[in-house]
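>>> 3D, please:
(2 chains)
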Amino acid sequence: MTMTAARPATAQARPAARPRRHGRRWPLYTLLAVMSLLTLGPFIAMVIVALSPRNAPTVPAQWPDSLTLDNLTQVLGASGFAEWTLNSLVYSGVSVVIILLTASMAGYAFAKKRFPGRDTMLWTFLATMMVPFQATLIPLYVLVSDFDGADTFWGLIVPTLANSQAVFLMRQFIMGLPDELFDAAKVDGASELRVYWTIVVPLTKPILATLGVFVFLWHWNDFLWPLVISQSDATRTLTVGLTVLKTEEAQWSMLMSSAAISAVPCLLVFFLLQRYLVNSIAMTGLK
Amino acid sequence: MRHRLRDPVTGLLFVLPMLVLFLIFKIFPTLGAAGMSLTNWNIGGEWSFIGADNYTRLVNDPNFWSSLRATLVYTVIYVPLVMAVSLGTALLLNSIVFMRGLFRGMLFLPYVTSFVFAGIIWRWIFEFDGLVNGVLAKLDLGPVGFMERAELVLPALAVVSCWKGFGYSMLILLAGLKAIPGSYLEAAKVDGAGPWQRFRGITLPLLKPALFFVLVIETIASFQVFDTIYVMTGGGPAKASYTLIYGIFERGFRFWEFGYAATWGMVLFAIVLVVSLIQRRFIGKENT
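Numbers count the residues shown, from 1 in each chain, chains lettered A, B, ... in the order given. Reported below is the predicted structural model:
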C-alpha cells in the first residue's frame, strides 16, 4: 500500500533525478562493497590457503606460485574424513525426516484438535525454549550413556529431536488452514491418518521445506552434543572431526581444505535456496 | 468445529511422539539438572545428596567468578558490535534497490556455515603469519598475538561470532525497516526533516520492537558461546576466554564432576531465564 503511494512521486521525478540519485548513492555502495569484502574475505582466504601447496608460504606473506588440488584429494582420502561426512549426513538427514513428521503431527493436533491438557502442553513446550541446551547437557549425557547410548547413532540423534521451534512453526502455519477442509474430509469418511497425510502434509509443503532446510543446517553445524556423545570415528560428525584434525594436523592448507569441504552442503543450500532462507527468517524469525 | 470436539484421543495420539521426546529429553533433563546440582554425581554414577554444597563451592571458586567475568566482558563487546554491524548493513541495504539481493546474499553467507568452520578459518586469520598480521605488516605494524594476549582474545572471538552471526539479525532488522511505511518518511522529508532527524524521529522508534528482539536474541547467544572458543583458544590464554559454557564442559567432561558441572549449568539457566523474562515483560507491554 505504501509502495503504491510512494511510486507516482518517484516515477515523476525519475528522468531528472536519476543521475543525481546515483551520484548520491555511491557512498552507500562503497560502504556495502567494503562490508561485503570483509564478509567474503575469510572465504577467499580459505580457498587460497586450501589450494596452496604444502609448506608453501601463502597469503598474506606472498601469493602462492601455483595452486594445487592435492590437499583437497588428500583430505577426501584421509582416514576418518569420509566416515565423519557420512555420519553428519545421517545425523542431519534422519533428524530432518523425524522432526518434520513429529512436529507436523504435533502442530496439526495443537492447531486443529481439542484434547485434555492441550494448552498446558503447549505452554510447557514454549517454556522449554527458555532452557538453554547447555544447562541440560550434563543430565542429558548421563541419561543417554546410562542407556548405553554414548557413541551410538540413536544416542546422537534422538535427544536432539525434541524441538519446540519446529512444533510452534507448524502450529502457526496449520492454524491458518481453513477448518472446512478437514470437516469435508471427515464427512467423506477419511480416517485421521489419511487427513494428516493427504491434507495436512501436502498443504504444509512450503513450510515443511523451510523447516527442513533449517533443521538440516542446525544439525550439520551442530557441535557441542556430538562432541560429548560421539567418542570414536563410528559416530563422530564432521564438525567434531574437524577439531580432531586441528589437534593432529599442523598444515593450514590441509585444515582449510577440510573446513572448505565441510561447508559444501551449507553453501549448496545457500546458493540453491538463498531467497527461501532469507524470506523465512524475515517472516518466521527461525534461527 | 464438530469433529474437533468429538474425539480427544486422536489429538493426543498426534502429539504423543513429540510429547514423549519432550518429556524424556527436555523436561526430565531440566529437572535433572536442578536435582544433580544438589549431588556429588561423578563418572562412576555414584552419588549422594549433598544439599547446597556445590553452590557454596561455586561462590568460593575463583574459576567461576573469572568465567562469569569473561562471559560478561564478551557480552559487553559482542552485543554492541553485532547490533551496530547488523543495523548498519540493514540500513544500507534498505536504502538501495540496484543489486540489493546480491549484497544481501554476500553479507548473509557466513550465517549458513558452522561456528567450528568459522573458528578454524579465523584461527588462521589471527595467527602470527595470518591475514590480519599480514595486513598490519604491510603498514609496518605488529605482529600482534591476538590469541596470545589476554586482553585481545575476547574482542577477537567477538569479531568471529559477529562475522558468522550478524546476517540473521541484519535480516530481522531489514524486515523491520521494510515494514515502516514510506509515506511517514516522505511526509517528514516534505516537512524539512534531514536524514538524521528522520532516522531519530521515525525509523528508530518504529524499529524498536525488531531492535529489542535482536538485542535479546544476541544477548542470549553471547552467553552460549562455546564452539569458537573450543576451536580457537581452549579457554586460554590464562583462562581469559574461559566462559560459563566452557566451565560446564570442562567440569563435566574433563574432570567428570557431573554434579558440580550441573551447578554451573544452573547459573547459565538462571541468567538466560532472567533475560527471557525481561523480554517477555517488555514485549507484553508493546502489545497492550
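>>> Going by C-alpha atoms from here, please, whenever you check contacts or count neighbours.
Fine.
>>> ok, whichever residue of the stretch 151-287 of chain A sits closest to chain B - how many residues close by?
Taking CA to the nearest CA, chain B has its nearest neighbour within the stretch 151-287 of chain A at A:N221, 4.6 Å off. By the measure other CA atoms under 10 Å in any protein chain shown, the count of residues near A:N221 is 24.
>>> Would you mind measuring from it to A:I138?
21 Å (CA to CA, to the nearest Å).
>>> so where is the stretch 1-150 of chain A shaky, pLDDT-wise?
For the stretch 1-150 of chain A, the stretches with pLDDT under 70 are A:1-23, A:56-62.
>>> residue closest to the middle of the chain?
In the absence of a named chain, this looks at chain A. The centroid of chain A falls nearest to A:L217 when counting by CA atoms, centre = their mean (2.1 Å).
>>> wrong one, chain B
Nearest residue to the geometric centre of chain B (CA atoms, centre = their mean): B:A221, 1.1 Å.
>>> Surely that one forms part of a helix?
Yes. Counting by DSSP: H, G, I helix; E, B strand; the rest coil, B:A221 is located in a helix.
>>> for A:E180, what are its contacts?
By CA atoms under 8 Å, 6 or more residues apart in numbering or on different chains, the contact set of A:E180 is empty.
>>> returning to what we had before: is it correct that the residue of the stretch 151-287 of chain A closest to chain B is in contact with B:F115?
Yes. With contact defined as CA atoms under 8 Å, A:N221 and B:F115 form a contacting pair (7.3 Å).
>>> that older thread, roughly how far does the residue nearest to the centre of chain A sit from B:I96?
30 Å.
>>> Report all helices and strands that the helix ranked longest in chain B contacts.
Taking DSSP state H as the criterion, chain B has its longest helix at helix B:62-94. For helix B:62-94, the contact count by 3 or more CA pairs under 8 Å, 6 or more residues apart in numbering or on different chains; DSSP states H and E identifies helix A:2-50, helix B:100-108, helix B:150-178, helix B:204-223, helix B:244-253 as packing neighbours.
>>> ok so, going back, now do the residue of the stretch 151-287 of chain A closest to chain B, the pLDDT please.
If you check A:N221, the pLDDT there is 96.
>>> Quick check on whatever residue of the stretch 101-250 of chain B ends up closest to chain A: phi, psi?
The stretch 101-250 of chain B approaches chain A most closely through B:S114 (4.6 Å), counting by CA to the nearest CA. When read as degrees, to the nearest 10, the backbone of B:S114 gives phi -100, psi 160.
>>> who's in contact with the closest residue to it other than its chain neighbours?
Nearest non-adjacent residue to B:S114, counting by CA to CA, 6 or more residues apart in numbering or on different chains: A:N221, 4.6 Å away. Contacts for A:N221 were tallied using CA under 8 Å, 6+ apart; they are A:T239, B:T113, B:S114, B:F115, B:V116.
>>> Is it correct that the third one is in contact with A:D222?
Put plainly, it is B:S114. Yes. In this structure, B:S114 is within contact of A:D222 by CA under 8 Å, at 7.4 Å.
>>> residues bridging contact with those two, i.e. touching both?
Here B:S114 and A:D222 have A:T239 as joint contacts, going by CA under 8 Å, 6+ apart.
>>> more crowded one of those two?
B:S114 (25 against 22).
>>> Secondary structure element holding the residue nearest to the centre of chain A?
helix A:205-221 (DSSP states H and E).
>>> ok so, going back, so what's the residue of the stretch 101-250 of chain B closest to chain A scoring on pLDDT?
pLDDT, B:S114: 96.
>>> For A:F133, see how far away it is.
From B:S114 to A:F133 the distance is 17 Å (CA to CA).
>>> can you tell me which residues contact B:G145?
Neighbours of B:G145 in contact, by CA under 8 Å, 6+ apart: B:F126, B:E127, B:F128.
>>> Do you have the strands of chain A handy? List them.
With strands called from DSSP state E, chain A shows none.
>>> What's the local residue count around B:I125?
For B:I125, using other CA under 10 Å, the count is 20.
>>> Might one say that it is in contact with B:L136?
No. Here B:I125 lies out of contact with B:L136, judged by CA under 8 Å, at a distance of 11.9 Å.
>>> Could you tell me how far B:G44 is located from B:E257?
Distance, B:G44 to B:E257, by CA to CA: 10 Å.
>>> Between these two, tell me which one has more neighbours.
Neighbours were tallied for B:G44 and for B:E257 using other CA under 10 Å; the higher tally belongs to B:E257 (18 against 7).
>>> phi, psi of the more buried one?
phi -100, psi 80.
>>> same thing with B:T39?
phi -130, psi 170.
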